[in-house]
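[1] Provided below are the primary sequence and the corresponding predicted coordinates.
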Amino acid sequence: MIIIGLTGGIGSGKSTILSYFREHGYPCFESDEVGKKLLEVKLKETVLKLFGEEVYNAKGILDRKALSKKVFSNSKLLETLNDIVHPAVNEAFEKFKKKYQDFPVIVKEAAILIESGSYKSCDIIVLVKAPLDERIKRIVARDSVNESEVIARIDNQWEDEKKEKYADYVVENISLEETYEKVKYLIKKLNNKENI
């Protein structure tokens with residue numbers, strides 16, 4: 001089994017590229033989405049104790065904005081959150097691997113795949129990049145947050161230049177058509193069992 005590690009900074013367009021892989025029949029593990037679900041169920045009690053009731057709404061659903069505000073303005077809190085979430089996500093990924101063990105290729109998406117060291121369990125690293133101003137625009141529109149909040153999140157991730165040293169394949173995500181062609185080329189190589 002080949003494990004593709006798909007990563008990129010916030011707003012780079014990882015989800016778009018993940019959907020391309022999914023359309024081509026590759027099982028896709030979304031670390032960030034799995035992490036969010038775990039925060040609402042399995043990890044809820046721990047998070048309540050550490051971060052307070054204000055990070056959940058009246059219905060007991062995680063208030064991602066409130067949690068983001070807390071952790072992205074305090075590196076120690078962010079580290080604490082990562083220490084809680086990453087082991088649980090890794091455990092979920094091991095179950096995912098077993099479930100899809102008969103597939104020749106699976107995709108693992110994670111925003112901080114390289115920073116967390118999770119890239120070591122992947123065979124091919126695909127880095128998604130986009131211009132900073134474009135990323136900021138995308139996140140402001142998607143999450144209804146202000147620019148300074150987006151910049152605080154970006155500042156807590158490695159710069160693309162640093163990540164590129166670990167990447168086997170870089171996708172510049174500016175034009176959707178061009179991005180799709182790049183992913184199609186990568187998928188063709190995978191299907192033909194060619195080196196990336």
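    Nice, I can see it. Numbers count the residues shown, from 1 in each chain.

[2] wait, residue 90 sits on residue 118?
    Yes: at 7.2 Å, residue 90 counts as touching residue 118 under the criterion of CB atoms under 8 Å. (Each C-beta comes from the backbone N, C-alpha and C, glycine too.)

[3] who has more neighbours, these two?
    Higher neighbour count among residue 90 and residue 118: residue 118, with 19 against 14, using other CB atoms under 10 Å.

[4] residue 10 versus the more buried one, what's the distance?
    Distance of residue 118 to residue 10, given as CB to CB, to the nearest Å: 17 Å.

[5] same check, this time on residue 162
    Applying CB to CB, the value for residue 162 to residue 10 is 15 Å.

[6] next: residue 2.
    26 Å.

[7] neighbour count: these two, which is higher?
    Between residue 2 and residue 10, counted using other CB under 10 Å, the more crowded position is residue 10 (19 against 15).

[8] look at that one and give its secondary structure.
    coil (DSSP: H, G, I helix; E, B strand; the rest coil).

[9] skipping adjacent residues, who's closest to it in space?
    Of all residues not flanking residue 10 in the chain, residue 153 sits nearest, at 5.3 Å (CB to CB, 6 or more residues apart in numbering).

[10] and residue 124, its phi and psi?
    Taking degrees, to the nearest 10, you get phi -130, psi 130 for the backbone angles of residue 124.
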